[in-house]
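Undergrad: I'll drop the sequence and a predicted model, then ask my questions.
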Amino acid sequence: MPKEEGPLEYKHRVQDTKEIAQRIDLDYLKRSHWWMLWRRRSNWILVAAAVVSIPLLLTINGGKKVFSAGPVSRAHAIFESNCQNCHAVNFHEVPDKACMKCHDGPPHPAKAIDKGVPLIHASTPADQMRCGQCHAEHRGNVTLASVSDKNCTACHASLKDHATKLDFEGRKITSFRKDHHPEFSPAGRADLRPLKLNHKVHLELEAKKYPTMKLPMKCSDCHQTDPNSPKGDLLPVTFELHCRSCHSAELDFDVFQVLQPKVLAPHTRNPETIGPFVAQQFQNLVAQNPGIVKQPLLHELDPIGNQSAWLQHVTEDSQRFLFNRKCIKCHEYEGQNGLYPIVKKVNVIRGQYVEVKPEGAPWLERGEFSHRAHRAVKCESCHTQALQSTKTTDVLIPVMRNCTPCHGSSGTAIDNCAECHLYHNKAKEKDKDRRPVDQLVSRVLPWQ
């Protein structure tokens, strides 16, 4: 009888380590996957393509642009295709001697007041500062002379380490605004010029009081800009150009009113020249009209009659009238030299009065200012104390708060340190030797 068939008995697979190991292909590491094989081959293909393409790029027009760091500034556009003019060594920073080929680069500090003061930079000594650290190229059409304030404040945040004659300490300079920048140096000082000047009188008088004078005056009537100055520096105020038209009567010495037509004394710094001039005018009068000595003088009842006595009386009274009543209205005396006073010498009225320097000195010793750049601004907007100034000692130079409405927070270039402070003093720049154009552009010109 056949054996009875039934369902097969299911046997569970043994899941021990040995059985699993028998199912693993131990040679799989020796065979490369198609993806890994393709990736290695593609890397070699790219390297080969680069080796072949670089020489080709260097020979094609404009091939140098492959290594260019970007366009140069407009001032250096002539050298844009001649990198070797500045980069003496490929892929190295531009040395200062390359800049000095065209630029003299006067030393820093720019102002003579700080000459000889050691400068301590944050990380680099002053004598090792490179041109390129502040004047960075390959930034497009920019002005290289304009630098970021960070280039200044990195070293000058503490001014006491860099300059002398400073009356403040402990202030960190970060920007041009209150508590971040010191007050201007003229603040709190006095103008020691030996001259009597009242701005208020000139600016507020009504014309009807003095019909022969131009009143009220404007600042520009006396303070005029120099047309030959790029910055519009003010011309020195002089008696001949700015005062004589209104104050010529101050030179009238004829107290007895005998000279016809009127004669005015010369305006000089030496009274010993004025005295003999006055005497000579009366001598000429007597020579032309001897009978005048027999006429009573103004406000005197009896004539003198004697020519010598008449001349002495008229001359001495006229000189005293001139020196004691007229000249002293504006000038200060420092003594007497016989018959004549010793007038304190007044140098040109421009800038700060310095007794030993006839040309004076600038009020802003470490700063620069351009009146031409501010020609649209009314003078009194900055010189706010002029309308109320009654003394010569009043210093009318603007203070910092007069500038901050426009400078310091405008977000434009007029906030920069370089707007008012020099790094290189261009006045000391030396003229460079001229070179042919073909040397500058480093190529043969078509007409050669």
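TA: Received, thanks.
Undergrad: Please, where are all the helices along this protein?
TA: According to DSSP state H, the chain carries its helices in the segments 17-22, 34-59, 96-99, 131-134, 150-156, 199-204, 244-247, 271-288, 307-321, 379-382, 437-441.
Undergrad: any idea how far the residue nearest the centre of the chain lies from residue 228?
TA: Among the residues of the chain, the one closest to the centroid is residue 368, at 2.6 Å (C-alpha atoms, centre = their mean). In this structure, residue 368 lies at 17 Å from residue 228, with C-beta to C-beta, to the nearest Å as the measure. No exception for glycine: its C-beta is placed from N, CA and C like everyone else's.
Undergrad: circling back to that earlier point, do you know which of the helices of the chain lies nearest residue 393?
TA: Evaluated with C-beta to C-beta, these place helix 199-204 nearest to residue 393, the distance being 11.9 Å.
Undergrad: Now do the buried residues in the closest one.
TA: Applying a neighbour-count criterion of 16 or more other C-beta atoms under 10 Å, one finds 199, 202-203 buried in helix 199-204.
Undergrad: Would you mind pulling the contact partners of that helix?
TA: With contacts defined as C-beta atoms under 8 Å, 6 or more residues apart in numbering, helix 199-204 is touched by 215-217, 219, 386-390, 394, 396.
Undergrad: quick one on the thing from earlier: next, format the buried residues of helix 199-204 as JSON lines and append pLDDT and distance to residue 304.
TA: Formatted as JSON lines, the entries for the buried residues of helix 199-204 read as follows, by pLDDT from 0 to 100; distance: C-beta to C-beta, whole Å:
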{"residue": "199", "pLDDT": "91", "distance to residue 304": "45"}
{"residue": "202", "pLDDT": "87", "distance to residue 304": "41"}
{"residue": "203", "pLDDT": "86", "distance to residue 304": "46"}
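Undergrad: Show me the protein divided up by domain.
TA: Partitioning the chain according to automatic domain parsing yields domains covering residues 33-63, 199-397.
Undergrad: Below-threshold pLDDT in this protein: ranges please.
TA: Along the chain, the parts satisfying pLDDT under 70 run over 1-16, 18-36, 53-68, 112-128, 162-171, 207-208, 442-448.
Undergrad: Please repeat the previous calculation with a cut-off of 50.
TA: Within the chain, the stretches with pLDDT under 50 are 1, 61-62, 116-127.
Undergrad: Strands of that one, residue ranges please.
TA: Read by DSSP state E, the chain holds these strands, from start to end of the chain: 333-337, 340-343, 352-354, 357-361.
Undergrad: Those strands: which one's closest to residue 144?
TA: When those are ranked by proximity to residue 144, the top entry is strand 357-361, at 31.5 Å, counting by C-beta to C-beta.
Undergrad: and that closest one, how far from the chain's centre?
TA: Centre-to-centre, strand 357-361 and its host chain are 19 Å apart (C-alpha atoms, centre = their mean, to the nearest Å).
Undergrad: Name every strand pairing with that strand and say which way it goes.
TA: Sheet pairing here is set by DSSP bridges, and for strand 357-361 it gives strand 352-354 (antiparallel).
Undergrad: ok, and what's touching the partner strand?
TA: Looking at strand 352-354 with C-beta under 8 Å, 6+ apart, the contacting residues turn out to be 186, 191-194, 346-347, 360-363.
Undergrad: if we take those, which one ends up nearest to residue 239?
TA: Top of the list for closeness to residue 239, among the contacts of strand 352-354 and by C-beta to C-beta, is residue 346 at 9.7 Å.
Undergrad: tally of neighbours for the closest one?
TA: The burial metric for residue 346, expressed as a neighbour count using other C-beta atoms under 10 Å, is 16.
Undergrad: Check residue 269 too.
TA: Residue 269 is surrounded by 11 other residues when neighbours are defined as other C-beta under 10 Å.
Undergrad: for residue 416, same thing?
TA: Neighbours around residue 416, by other C-beta under 10 Å: 17.
Undergrad: By neighbour count, sort out the buried ones in the contacts of strand 352-354.
TA: The neighbour count (16+ other C-beta under 10 Å) marks 186, 191, 193-194, 346-347, 360, 362-363 as buried among those.
Undergrad: any idea which of those is closest to residue 146?
TA: The closest of the buried ones among the contacts of strand 352-354 to residue 146 turns out to be residue 362 (C-beta to C-beta; 23.6 Å).
Undergrad: Ignoring the adjacent residues along the chain, who's closest to that closest one?
TA: Sequence neighbours aside, residue 351 is the residue nearest to residue 362 in space, at 4.9 Å (criterion: C-beta to C-beta, 6 or more residues apart in numbering).
Undergrad: now swap in residue 372 and tell me
TA: Spatial nearest neighbour of residue 372, excluding adjacent residues (C-beta to C-beta, 6+ apart): residue 232 at 2.9 Å.
Undergrad: The one you found against residue 368, yeah?
TA: No - with contacts defined as C-beta atoms under 8 Å, residue 232 does not count as touching residue 368, sitting 11.9 Å away.
Undergrad: shared neighbours, those two?
TA: The contact lists of residue 232 and residue 368 share no entry, where a contact means C-beta under 8 Å, 6+ apart.
Undergrad: burial measure for the residue nearest to residue 372, as a count.
TA: The burial count assigned to residue 232 is 17, neighbours taken as other C-beta under 10 Å.
Undergrad: Same check on the one 10 residues further on?
TA: With neighbours defined by other C-beta under 10 Å, the count for residue 242 comes to 18.
Undergrad: Roughly how far does it sit from residue 203?
TA: Distance of residue 242 to residue 203, given as C-beta to C-beta: 14 Å.
Undergrad: Residue 326 now?
TA: Applying C-beta to C-beta to residue 326 and residue 203 gives a distance of 23 Å.
Undergrad: hmm, back to that, between the strands of the chain, which gets nearest to residue 80?
TA: Ranking the strands of the chain by distance to residue 80, with C-beta to C-beta as the measure, places strand 357-361 first at 44.3 Å.
Undergrad: before we move on, back to that, now render the domains of the chain as CSV, adding distance to residue 85.
TA: Formatted as CSV, those follow (distance: least, C-beta to C-beta, whole Å):
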stretch, distance to residue 85
domain 33-63, 17
domain 199-397, 29
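Undergrad: what's the most buried one of those?
TA: Of all the domains of the chain, domain 199-397 has the most neighbours on average by mean count of other C-beta atoms under 10 Å, namely a mean of 15.
Undergrad: how far out from the middle of the chain is that domain?
TA: Domain 199-397 sits 33 Å away from the centroid of its parent chain (C-alpha atoms, centre = their mean).
Undergrad: about what we covered before: let me know which of the strands of the chain is the nearest to residue 103.
TA: Among the strands of the chain, strand 357-361 comes nearest to residue 103, with 28.8 Å by C-beta to C-beta.
Undergrad: Lovely, talk soon.
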